[in-house]
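Novice: Model the structure of this input:
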Amino acid sequence: MKQINDFLKYLSNQNYSNKTIKDYKYILSCFEKFLNEKQIYNEKNVSETDFKEYIAKYKECNCHSFYYKSVTIIKKYFRFLNKFNYILISPIEKYKNPKQVVKHHPVIDKNDLSNFLNNLDENNPFEVRTRAMIELLYSSALRPSECLNLNISDIDYYNKVILIRKTKTKTDRIVPVTNEALLWINKYINKIRSKNILPKSENKIFISFHSNNPVTVKGIRNSLKYFSIKKNIKRFSMYSIRASSATHLFENGMSINYLQLLLGHKDLRATIIYVRVSFLRLKELLEKYHPRNKLEDKRNFINEVSEIN
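Specialist: The predicted model follows:
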């Protein structure tokens with residue numbers, strides 16, 4: 001397909017992230033390979049039948065995520081071609097978009113998280129760094145990348161806030177941080193990081209002990225796996241920490257609108273995905289907070305119903 005590079009440049013100008021553009025490029029290259037095998041080299045010659053034939057293998061197998069991405073990305077590519085007059089009409093415009101399956105990261109029980117943190121060794125550099133990260137993630141419900149991209153200068157100990165630069169939504173935001181998280185970050189920076197850092201290292205807070213480069217998400221994922229096995233506790237992901245923080249804050253009474261600000265979401269629906277409260281807990285919250293559901297009103301209602309019956 002001739003215009004893929006133009007399309008990717010267009011996405012870049014629209015402030016799409018590098019990761020998203022990389023995903024687009026991969027999916028379009030897979031589709032292009034399929035078309036080349038059919039000796040189709042020009043987008044003008046692509047038919048809806050060709051597209052359906054390609055997408056069928058993902059629709060029928062257990063690859064819903066890739067199926068969803070492929071449909072939406074390829075359709076968007078052909079809309080781009082139509083918009084800029086590379087083609088007269090998109091051959092797949094009428095193809096129905098699949099329903100997106102939202103991935104829910106499991107919420108960690110408060111006691112399980114506390115047990116994990118309290119069992120980390122204060123004298124072990126790796127475990128101190130891990131605790132500082134998790135305390136920070138849980139404290140401010142950060143995305144893993146936001147935690148790992150923090151610079152030392154982004155922490156304001158006096159006001160107990162941190163600056164998150166260039167978030168997923170391409171904006172900066174300031175979020176509060178707990179005393180516990182600040183305590184462990186300070187301990188890690190002064191007692192661990194300062195002894196392992198090289199002069200040319202970046203200003204990132206969390207540094208790899210092996211390469212002296214900033215820690216990667218993959219590196220922390222491996223660390224969590226290692227410590228889960230070592231401490232014989234249930235394994236959890238970095239995104240589960242974010243989801244758990246949001247859910248626990250909501251259960252303790254934080255407004256969903258304030259949670260939206262904390263999480264850095266533009267759309268409230270994205271925040272709701274993170275907050276997963278059991279139905280029984282939801283009933284408890286309604287009975288506790290709803291002004292039309294006072295206990296005495298409930299008793300009066302029950303008495304009135306009993307008299308009618």
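Novice: Give me the distance between the closest residue in space to Y274 that isn't next to it in sequence and N159.
Specialist: Spatial nearest neighbour of Y274, excluding adjacent residues (CB to CB, 6 or more residues apart in numbering): A246 at 4.2 Å. For glycine as for every other residue, the C-beta is placed from the backbone atoms N, C-alpha and C. Distance of A246 to N159, computed by CB to CB, to the nearest Å: 23 Å.
Novice: Please identify which of these two sits among more neighbours.
Specialist: Set A246 next to N159 and count neighbours by other CB atoms under 10 Å: A246 wins out with 25 against 10.
Novice: name the element that one belongs to?
Specialist: Element membership for A246 (DSSP states H and E) is helix 238-251.
Novice: which residues touch that helix?
Specialist: Helix 238-251 has contacts (CB atoms under 8 Å, 6 or more residues apart in numbering) with 104-108, 110, 113, 134, 137-144, 147, 217, 220-221, 224, 256, 259, 262-263, 271, 274-277, 281, 285.
Novice: same question, stretch 38-55
Specialist: The contact list for stretch 38-55 (CB under 8 Å, 6+ apart) reads 1-3, 31, 34-35, 67, 70-71, 74, 78, 81, 86-87, 91-92, 94-95.
Novice: Okay, buried residues for it please.
Specialist: I40, E43, V46, D50, F51, Y54, I55 (16 or more other CB atoms under 10 Å).
Novice: Confirm the first one sits in a helix?
Specialist: No: inclusion of I40 in a helix is not indicated when DSSP: H, G, I helix; E, B strand; the rest coil is applied; the result is coil.
Novice: Ignoring the adjacent residues along the chain, who's closest to L136?
Specialist: Spatial nearest neighbour of L136, chain neighbours left out: A181 (4.7 Å); criterion: CB to CB, 6+ apart.
Novice: so where is the stretch 1-150 of the chain shaky, pLDDT-wise?
Specialist: 1, 61-63, 100-103 (pLDDT under 70).
Novice: residue ranges of the helices in it, please?
Specialist: For the stretch 1-150 of the chain, the helices defined by DSSP state H, counting those that start in this stretch cover 4-13, 18-37, 48-60, 64-83, 110-118, 125-140, 144-148.
Novice: nearest to N232, of those?
Specialist: helix 110-118 (10.4 Å; CB to CB).
Novice: Now stretch 261-275: buried residues?
Specialist: Quick answer for stretch 261-275 (16+ other CB under 10 Å): L262, L263, G264, H265, T271, I273, Y274, V275.
Novice: for the record, mean pLDDT for that stretch?
Specialist: Computed over stretch 261-275, the mean pLDDT rounds to 80.
Novice: mind checking the end-to-end distance for that stretch?
Specialist: Using CA to CA, to the nearest Å, the gap from the first to the last residue of stretch 261-275 comes to 14 Å.
Novice: same thing with stretch 12-25?
Specialist: Start-to-end span of stretch 12-25 (CA to CA) is 12 Å.
Novice: Name the residues of that stretch that are buried.
Specialist: Y16, I21, Y24, K25.
Novice: Dump these into TSV; add distance to T171 as well.
Specialist: Listed next are these as TSV, based on distance: CB to CB, whole Å:
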residue	distance to T171
Y16	15
I21	19
Y24	22
K25	25
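Novice: Just give me the closest of the residues you listed to D121.
Specialist: When these are compared against D121 (criterion: CB to CB), the nearest one is I21, at 41.3 Å.
Novice: contacting residues for that closest one?
Specialist: L8, L11, S12.
Novice: for L8, same thing?
Specialist: I21, Y24, K25.
Novice: Swap in 10 Å and give it another go.
Specialist: Each residue near L8 by CB atoms under 10 Å, 6 or more residues apart in numbering is listed here: Y16, I21, K22, Y24, K25, L28, Y77.
Novice: any idea which of the residues you listed is closest to N213?
Specialist: Within the contacts of L8, proximity to N213 (CB to CB) peaks at K22, which comes in at 20.2 Å.
Novice: thinking again about what came up before, excluding its own residues, what touches the very next helix or strand once past the helix holding A246? List them.
Specialist: Toward the C-terminus, helix 238-251 is succeeded by helix 256-263 as the next helix or strand (DSSP H and E). If you take CB under 10 Å, 6+ apart as the criterion, helix 256-263 is touched by 140-143, 167, 173-176, 242-243, 245-247, 249-250, 254-255, 265-275.
Novice: picking up where we left off before, restricted to buried residues, select the contacts of helix 238-251 in ChimeraX.
Specialist: Selection of the buried residues among the contacts of helix 238-251 in ChimeraX, burial being defined by 16+ other CB under 10 Å:
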select :105,107,108,113,134,137,138,139,140,141,142,143,144,147,220,224,259,262,263,271,274,275,276
